[in-house]
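Colleague: here are the coordinates; sequence isn't available:
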C-alpha cells in the first residue's frame with residue numbers, strides 16, 4: 001500500500017494541499033478528480049517526489065516513504081507521467097523512453113544502439129503503439145509524443161503509475177488504447193492513479209474516486225456508488241447536469257466573416273470549401289490528422305498553403321506569418337498550450353498581453369494598460385492565480401488554458417480559432433469557458449472550433465462539419481442535428 005497522511009503543500013501564500021490523506025493499493029485504479037487548482041497534480045507530484053511536501057508523511061508497504069527526488073521515487077516503484085508534454089525532440093524515440101537509464105546501455109563508453117532500440121521497442125509494444133523507435137520523432141503527432149512519455153514511465157518497471165491528465169492530448173483511438181493499457185496494468189497488480197477531466201474515462205476504468213476541492217479532501221468513494229451528477233456536485237459544489245452548455249440567444253447568423261475556397265495545404269488538407277459567419281460557432285469533428293487542425297492552421301498563418309483562396313470579410317487572406325493573421329483580427333488558441341500557446345516562465349500579465357503588447361507613444365511598454373487587460377481576463381475567466389505577476393508555469397493546466405484563452409480575448413478578435421478549447425479542463429471550468437465562447441458569438445465574433453470531445457462538439461456548435469482524410473465528409477445544421485454515433489460514422 002502507498003499511504004499519504006495529512007499532506008500539506010504551500011507555494012508562497014497559496015496553499016495547494018491542506019492535510020490531504022489518501023491510500024492506494026496494488027491492482028487498483030483510482031481516479032483523482034476535482035476542479036482545476038483543486039490540488040490533484042500537486043498531490044501526484046509530491047508523492048512522485050517532483051515537489052517536496054511541507055507537512056505530513058507517507059508510507060509504502062508500511063515503511064517510511066520520503067524519496068529525495070523523482071529518480072529515487074522511481075527506484076521505490078512510483079512513476080509519474082506528466083500532464084504537459086515532456087519529450088526532447090533532439091534525440092531519438094528510444095533515448096526518450098530510456099531517459100535516465102542510458103548508462104545501462106553503454107559499452108566502452110558508447111551506446112549499444114541495438115540493445116537500446118530493442119528494449120525501448122518492447123515497451124512500445126506493451127502499450128500497443130502504432131509507431132516504431134526507428135521513426136523520426138519530429139514526424140509524430142501530439143498523441144504519439146504522449147505515448148512516448150507513457151512508455152518512459154513503464155520502462156522503470158513501476159509498482160505504482162501516476163497519470164496526470166495523460167489523455168488530454170490524445171485522440172479517441174489513442175485514449176482508448178491508454179485505457180486498455182491501464183486495465184492491463186491493473187491485471188498485473190500494478191496500482192494506477194490517474195487524473196482526468198473526461199468523466200467517461202473516470203467511470204469506465206476507475207475502481208475508486210478520490211475527490212479534492214480547494215486543496216482539501218472531499219472524500220473517497222467506490223465508483224459504482226457515485227453518479228455523474230453527484231460527482232459534479234462533489235467537485236464544484238453545484239449541479240451542472242442541466243446547464244453545461246449555454247443556450248443560443250440569436251438564431252440568425254451575421255454576414256460571412258471568413259471563407260475558404262478549394263483550399264489545399266501541404267499537410268494533405270483539401271480541397272475544402274467552407275464559409276464562417278459572424279455570430280456563429282462552427283464545430284469541426286474528425287479523427288486526429290483528418291484536416292480540422294490544418295484548416296484553422298491555414299487561417300492562422302501557421303499552415304503552408306498549396307492552392308485555393310481564403311478571405312476575411314471579403315478581402316483576400318494569405319498571412320505569411322501568424323502575426324499577420326493576429327493583426328487582421330484572427331486569434332488562435334492552439335492545441336498544445338505549453339508548446340505553442342503560453343510562455344511558462346513569463347507572468348500571467350505578459351502572456352495575456354503577448355499578442356497585443358500595449359505601448360505608449362508606440363515605443364515603451366504600457367504596463368498600466370497591460371495590468372488592466374490581464375486583470376480583466378483573470379476576473380472574466382476565473383483564473384486561479386496568486387496574482388497577474390505570477391509565472392504561468394506555476395498554474396494548474398486548466399488555469400494555464402484560461403490564460404491562453406485570455407490572450408486571444410485581449411486581442412478582441414473578429415474570428416476566434418479554437419483547437420480543443422477545454423482540453424485538460426475540469427467540468428466547472430468548461431462551463432465557464434463555454435459561456436465565454438457563446439457570449440463572444442452573440443457579440444458578433446465568428447468562432448471556428450476543432451474538438452475531439454463529442455459532447456462539446458454537439459453541445460456548443462451552431463453548425464458541424466466532419467472531416468475525413470483531409471476533406472469535409474458531411475455537414476450538419478440545426479435542422480438535422482446528428483447523434484454522436486452519426487458523427488463518428490462520418491469520421492471513419
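Modeller: Now that the structure is in, tell me what you want to look at. Nothing here was measured: the structure is a model prediction, and the numbers come from that model. Numbering: from 1, shown residues only.
Colleague: For the rest of this, base every contact and every neighbour count on C-alpha atoms.
Modeller: Noted.
Colleague: low-confidence ranges in the stretch 151-300 of the chain?
Modeller: Within the stretch 151-300 of the chain, the segments meeting pLDDT under 70 span 169, 237-243, 250-251.
Colleague: would you list every one of the helices in it?
Modeller: Along the stretch 151-300 of the chain, counting by DSSP state H, counting those that start in this stretch, helices occupy 172-187, 199-205, 228-236, 292-299.
Colleague: Using a markdown table, lay out those together with distance to residue 55.
Modeller: Formatted as a markdown table, the entries for the helices of the stretch 151-300 of the chain read as follows, by distance: least, CA to CA, whole Å:
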| stretch | distance to residue 55 |
| --- | --- |
| helix 172-187 | 30 |
| helix 199-205 | 29 |
| helix 228-236 | 24 |
| helix 292-299 | 45 |
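Colleague: and these, which is most packed in?
Modeller: Among those, helix 292-299 has the highest mean neighbour count (mean count of other CA atoms under 10 Å), at a mean of 24.
Colleague: measure residue 390 to residue 14 for me?
Modeller: Taking CA to CA, to the nearest Å as the measure, residue 390 and residue 14 are separated by 11 Å.
Colleague: Check residue 53 too.
Modeller: 14 Å.
Colleague: which of those two has more neighbours?
Modeller: In this view residue 53 and residue 14 are compared by other CA atoms under 10 Å, and residue 53 has more residues nearby, 19 against 11.
Colleague: you'd agree that one is up against residue 8?
Modeller: Yes - A contact is recorded between residue 53 and residue 8 when judged using CA atoms under 8 Å, the distance being 6.2 Å.
Colleague: what about the strands in the stretch 301-450 of the chain?
Modeller: Assigned by DSSP state E, counting those that start in this stretch, the stretch 301-450 of the chain shows strands spanning 305-312, 315-316, 330-333, 359-360, 364-365, 415-419, 446-450.
Colleague: Check which helices and strands the first one sits against.
Modeller: Read it as strand 305-312. Counting contacts by 3 or more CA pairs under 8 Å, 6 or more residues apart in numbering; DSSP states H and E, the secondary-structure elements packed against strand 305-312 are strand 256-265.
Colleague: Going by neighbour count, which residues of the strand it packs on are buried?
Modeller: Under the neighbour-count criterion of 16 or more other CA atoms under 10 Å, strand 256-265 has 256-261, 263-265 buried.
Colleague: Residue 23 pairs with what?
Modeller: The residues listed as beta-bridge partners of residue 23 by DSSP bridges are residue 3.
Colleague: Next up, the contacts around it.
Modeller: The neighbourhood of residue 23, defined by CA atoms under 8 Å, 6 or more residues apart in numbering, consists of 1-4.
Colleague: on that earlier part again, got a markdown table for the strands of the stretch 301-450 of the chain, with mean neighbour count too?
Modeller: Compiled in a markdown table, those are given as follows (neighbours: other CA atoms under 10 Å):
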| stretch | mean neighbour count |
| --- | --- |
| strand 305-312 | 18 |
| strand 315-316 | 12 |
| strand 330-333 | 27 |
| strand 359-360 | 12 |
| strand 364-365 | 12 |
| strand 415-419 | 26 |
| strand 446-450 | 28 |
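Colleague: three-state assignment of residue 9?
Modeller: Three states are possible here, and by DSSP: H, G, I helix; E, B strand; the rest coil the one that applies to residue 9 is strand.
Colleague: re the thing from before, how about the strands of the stretch 301-450 of the chain in JSON lines, adding mean pLDDT and distance to residue 163?
Modeller: Listed next are these as JSON lines, based on pLDDT from 0 to 100; distance: least, CA to CA, whole Å:
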{"stretch": "strand 305-312", "mean pLDDT": "96", "distance to residue 163": "38"}
{"stretch": "strand 315-316", "mean pLDDT": "95", "distance to residue 163": "46"}
{"stretch": "strand 330-333", "mean pLDDT": "95", "distance to residue 163": "25"}
{"stretch": "strand 359-360", "mean pLDDT": "62", "distance to residue 163": "43"}
{"stretch": "strand 364-365", "mean pLDDT": "60", "distance to residue 163": "41"}
{"stretch": "strand 415-419", "mean pLDDT": "96", "distance to residue 163": "23"}
{"stretch": "strand 446-450", "mean pLDDT": "97", "distance to residue 163": "25"}
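Colleague: Would you reformat the ones you listed as TSV and include distance to residue 78?
Modeller: TSV is the format used below for the strands of the stretch 301-450 of the chain (distance: least, CA to CA, whole Å):
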stretch	distance to residue 78
strand 305-312	46
strand 315-316	55
strand 330-333	34
strand 359-360	49
strand 364-365	46
strand 415-419	33
strand 446-450	36
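Colleague: between the helices of the stretch 151-300 of the chain, which gets nearest to residue 369?
Modeller: helix 292-299 (28.7 Å; CA to CA).
Colleague: quick check: angle from that closest one to strand 305-312?
Modeller: Here helix 292-299 runs at 70 degrees with respect to strand 305-312, directions being taken by axes from the mean of the first three to the mean of the last three CA atoms, to 10 degrees.
Colleague: Summarise which helices and strands helix 292-299 is packed against.
Modeller: If contacts are counted by 3+ CA pairs under 8 Å, 6+ apart, helix 292-299 sits against strand 281-286, strand 415-419, strand 446-450.
Colleague: Just checking the distance from it to the centre of its chain.
Modeller: Mean-position distance between helix 292-299 and its chain equals 18 Å (CA atoms, centre = their mean, to the nearest Å).
Colleague: now the farthest one out in this structure, which residue is it?
Modeller: Here the chain reaches farthest from its C-alpha mean at residue 108, the gap being 42.2 Å by CA atoms, centre = their mean.
Colleague: And stretch 327-343, what's buried?
Modeller: Buried residues in stretch 327-343, counted by 16+ other CA under 10 Å: 329-338, 341-343.
Colleague: Nearest to residue 416 among those?
Modeller: Out of those, the one with the shortest distance to residue 416 is residue 331. That distance is 5.1 Å, counting by CA to CA.
Colleague: do you know how far the residue nearest to that closest one when sequence neighbours are not counted is from residue 382?
Modeller: Excluding the flanking residues, the one nearest residue 331 by CA to CA, 6 or more residues apart in numbering is residue 416, at 5.1 Å. Distance check for residue 416 against residue 382: by CA to CA, it reads 20 Å.
Colleague: ok, back up a step: closest one to residue 65 out of the buried residues of strand 256-265, please.
Modeller: Here the nearest of these to residue 65, counting by CA to CA, is residue 265; it sits at 53.3 Å.
Colleague: Now do the same contact list for the closest residue to that closest one other than its chain neighbours.
Modeller: Excluding the flanking residues, the one nearest residue 265 by CA to CA, 6+ apart is residue 305, at 4.3 Å. Neighbour list for residue 305: 263-266, 298 [criterion: CA under 8 Å, 6+ apart].
Colleague: Would you check how far apart the closest residue to residue 374 other than its chain neighbours and residue 341 are?
Modeller: Beyond its immediate neighbours in the sequence, the residue positioned closest to residue 374 (CA to CA, 6+ apart) is residue 349, lying 5.0 Å away. Taking CA to CA as the criterion, residue 349 is separated from residue 341 by 14 Å.
Colleague: try residue 146
Modeller: 18 Å.
Colleague: now residue 468
Modeller: Distance check for residue 468 against residue 341: by CA to CA, it reads 26 Å.
Colleague: again, but for residue 352
Modeller: According to CA to CA, residue 352 stands 10 Å off from residue 341.
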